[in-house]
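In: my questions are about this predicted structure, shown below with the sequence.
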Amino acid sequence: ASCVQVLCFATPPEPESLRHQLIPLAHGFGVFIDRNTVLTNRHLLGNPETHHYFVARAEQDSDDPVVLVAAEAKVFDSWTDLALLTVETGQSFANFPADPGISAGQKLTIYPTLQAPHSVTATGEPYLRPTVDEADARFDLLASDSLYQHGGLFRFAMDHPGYKSGSGVFDEQGRLCGITTALVPESPDIVAISLDRRLVDFVQKMQLGSLPDYGFLGVTPRALSAQQRQRVASGVQVIDVITNSPADGAGLRFSDVITHINDQAIDNSADYFRGIAGRLAGTTVLMRIVRGALHEDGKQREFEVSVSLSKRFQVTRRPSWSVNPPPTWRGLTVDYPFSVPRTQLLTTYIDPAGCVLTTDIQIESAAWNSGLRPRTVITAVNGTRVHSPAEFHTLANQQAGEVVTLTIVDGDSGQAVQIGVDPGLGRR
């Protein structure tokens, strides 16, 4: 693996200009995580539909010490500010700094948790002092439209004003443990994304060309007050439960206290959000709940509950994008039921026992001509309950060329209705 420079252009530069002065829209770094895939920051890369990307490559026995190699956009994920670019297989980047923890063809190797005082170094940016002076930093510069509003960053001191995003950060054993992402306002420091094991799950999904689906539980948490902590030492109070959300289906109530998620102690709202939105939709989490502790006359009891997460709806300033769009079936696209804004969703029609939501339907397709429309809840395929888009496609594709019966929730009555989708109804 190698650290490389990443450049973004509004128009493709002429071949001759690649050998002289370059004025890209954005310029940063990236790190190879397999033979032809570069991991970098999403915020460097602009619009994948219109912009053009290159990575710098050392050229031996040439008048030009560095040439640029065209790269293709693969996945841009704004929630994590991570992106993948691909370059032509067979290009050589051996002259750039090597990461001894990763080699071509190996899976991404990640340091599981970065805590001070482990030493780290960042390739591509030689002015970083190898000291972590704050673990789990949070900064306003990444705003409220990313996972990192809830932490998950670590902070470097920097000795030089020059800075580029996307540098690989490696631990003392040479293992990739982060990627630099932003400057700290009014400070000589920078912050880096901590590539822990959950982030690795996201990156591995991105390597398949798909955007990760991030977890959604369906509660509004609030930190415990000092007085409440006299009753429950740590946790967050549930102050709202969304109707028919995974939390509702699991029986969570107002004033319940969530103390642990998968044995990880929850001390504040940031811990809670990282524990849920830092996991993939469809993941089952085990939560420890304390009920009745915040009521003067309540009987306190503690119990555990398993919940399968739905998908979080996200609004980000920079759109996410992937080379592989969501799959369609007979003109129909489905997703998790909470993947759209709640203003576009009648939650009373969501079935907590399992369902998917139609998010897009091609006009004059078989699904359209069968009467299906966007924002329709589908609970079953040929009588079998569906819990995720993947399950829907597995079941629906088992009867190629045949009529498939979908059980939907009628938008007027709220009753279950069966609709047959005949492939012969599609526009030819």
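Out: Good, I have the coordinates. Fair warning: this is a prediction, and the values are worked out from it, not measured in the lab. Numbering: from 1, shown residues only.

In: low-confidence ranges, the stretch 1-150 of the chain, go.
Out: In the predicted model, the stretch 1-150 of the chain carries pLDDT under 70 at residues 1-2, 13-25, 57-67, 89-145, 149-150.

In: do the same with the stretch 251-400 of the chain
Out: Across the stretch 251-400 of the chain (using pLDDT under 70), the flagged ranges come out as 296-298, 346-347.

In: let's see 80
Out: Applying pLDDT under 80 to the stretch 251-400 of the chain flags residues 294-299, 315-317, 342-348.

In: any chance you could map the helices in it?
Out: For the stretch 251-400 of the chain, applying DSSP state H, counting those that start in this stretch gives helices covering 269-277, 366-369, 389-396.

In: quick one, which of the ones you listed is nearest to residue 411?
Out: Proximity to residue 411, assessed across these by Cβ to Cβ, is greatest for helix 366-369 (15.3 Å). The C-beta positions use only the backbone N, C-alpha and C, and glycine is treated the same way.

In: who are the packing partners of the closest one?
Out: Packing partners of helix 366-369 (3 or more Cβ pairs under 8 Å, 6 or more residues apart in numbering; DSSP states H and E): strand 356-361.

In: what pairs with the strand it packs on, parallel or antiparallel?
Out: Note on strand 356-361: by DSSP bridges, its sheet partners are strand 332-335 (antiparallel), strand 377-381 (antiparallel).

In: so what touches the shortest one?
Out: The one in question is strand 332-335. 311, 326-327, 356-362, 365, 367, 372, 378, 389, 392-393, 421 (Cβ atoms under 8 Å, 6 or more residues apart in numbering).

In: where exactly do the strands run in the stretch 301-428 of the chain?
Out: Taking DSSP state E, counting those that start in this stretch as the test, the strands found in the stretch 301-428 of the chain are 301-308, 310-311, 321-322, 332-335, 356-361, 377-381, 384-385, 404-409, 416-421.

In: which of those strands sits most buried?
Out: strand 310-311 (a mean of 26; mean count of other Cβ atoms under 10 Å).

In: can you list the strands that it pairs with?
Out: strand 215-216 (antiparallel).

In: still on that earlier bit, could you dump the helices of the stretch 251-400 of the chain into JSON lines and include mean neighbour count and distance to residue 154?
Out: Formatted as JSON lines, the helices of the stretch 251-400 of the chain follow (neighbours: other Cβ atoms under 10 Å; distance: least, Cβ to Cβ, whole Å):
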{"stretch": "helix 269-277", "mean neighbour count": "21", "distance to residue 154": "14"}
{"stretch": "helix 366-369", "mean neighbour count": "22", "distance to residue 154": "47"}
{"stretch": "helix 389-396", "mean neighbour count": "19", "distance to residue 154": "34"}
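
In: dump those helices to TSV, plus distance to residue 345.
Out: Formatted as TSV, the helices of the stretch 251-400 of the chain follow (distance: least, Cβ to Cβ, whole Å):
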stretch	distance to residue 345
helix 269-277	19
helix 366-369	19
helix 389-396	16
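
In: out of these, which is closest to residue 201?
Out: Closest among the helices of the stretch 251-400 of the chain, once you apply Cβ to Cβ, is helix 269-277, at 13.1 Å.

In: quick check: closest non-adjacent residue to residue 264.
Out: Nearest residue to residue 264, sequence neighbours excluded (Cβ to Cβ, 6 or more residues apart in numbering): residue 275, at 6.1 Å.

In: to clarify, my last question referred to residue 216.
Out: Nearest to residue 216 is residue 312, by Cβ to Cβ, 6+ apart, at 4.0 Å.

In: tell me the centre residue of this protein?
Out: residue 212 (4.7 Å; Cα atoms, centre = their mean).

In: does it really touch residue 77, like I thought?
Out: Yes: shown here, residue 212 and residue 77 form a contact pair, counting by Cβ atoms under 8 Å, at 6.6 Å.

In: what's the separation between residue 279 and residue 199?
Out: For residue 279, the distance to residue 199 equals 11 Å [Cβ to Cβ, to the nearest Å].

In: ok, those two, which is more surrounded?
Out: Higher neighbour count among residue 279 and residue 199: residue 279, with 24 against 21, using other Cβ atoms under 10 Å.

In: wait, the more buried one touches residue 213, no?
Out: No: with contact defined as Cβ under 8 Å, residue 279 and residue 213 do not form a contacting pair (10.0 Å).

In: nearest residue to residue 417 other than its sequence neighbours?
Out: residue 410 (4.7 Å).

In: which ones are touching residue 12?
Out: Applying Cβ under 8 Å, 6+ apart, the residues near residue 12 are residue 52.

In: what pairs with the longest strand seen in the chain, and is each one parallel or antiparallel?
Out: In the chain, taking DSSP state E as the definition, the longest strand is strand 66-77. With DSSP bridges as the test, strand 66-77 is paired with strand 52-58 (antiparallel), strand 82-87 (antiparallel), strand 321-322 (antiparallel).

In: export the helix or strand hosting residue 27 to PDB, keeping only CA atoms.
Out: Assessed by DSSP states H and E, residue 27 sits inside strand 26-34. Taking Å, rounded to 0.1, in the frame of the first residue of the first chain, the C-alpha atoms of strand 26-34 are listed here in PDB:
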ATOM      1  CA  ALA A  26      -8.900  20.400  -4.600                       C
ATOM      2  CA  HIS A  27      -5.600  18.700  -3.600                       C
ATOM      3  CA  GLY A  28      -5.100  16.300  -0.800                       C
ATOM      4  CA  PHE A  29      -3.800  12.800   0.000                       C
ATOM      5  CA  GLY A  30      -5.000   9.300   0.000                       C
ATOM      6  CA  VAL A  31      -3.800   5.800   0.900                       C
ATOM      7  CA  PHE A  32      -4.100   2.600  -1.100                       C
ATOM      8  CA  ILE A  33      -6.100  -0.100   0.700                       C
ATOM      9  CA  ASP A  34      -5.800  -2.700  -2.000                       C
END
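
In: on contacts alone, who are the packing partners of that strand?
Out: strand 3-9, strand 37-41, strand 168-171, strand 176-183, helix 197-207.

In: buried sites along the longest strand of the chain?
Out: 68-69, 71, 73-77 (16 or more other Cβ atoms under 10 Å).

In: residue 361 contacts residue 369, correct?
Out: No: applying Cβ under 8 Å as the test, residue 361 and residue 369 come out as separate, 9.9 Å apart.

In: one step back: off-centre distance for the strand holding residue 27?
Out: 19 Å (Cα atoms, centre = their mean, to the nearest Å).

In: now that strand against strand 66-77, angle please.
Out: With axes from the mean of the first three to the mean of the last three Cα atoms, to 10 degrees as the basis, strand 26-34 and strand 66-77 are set at 80 degrees to each other.

In: parallel or antiparallel, list what pairs with strand 26-34.
Out: strand 3-9 (antiparallel), strand 37-41 (antiparallel).
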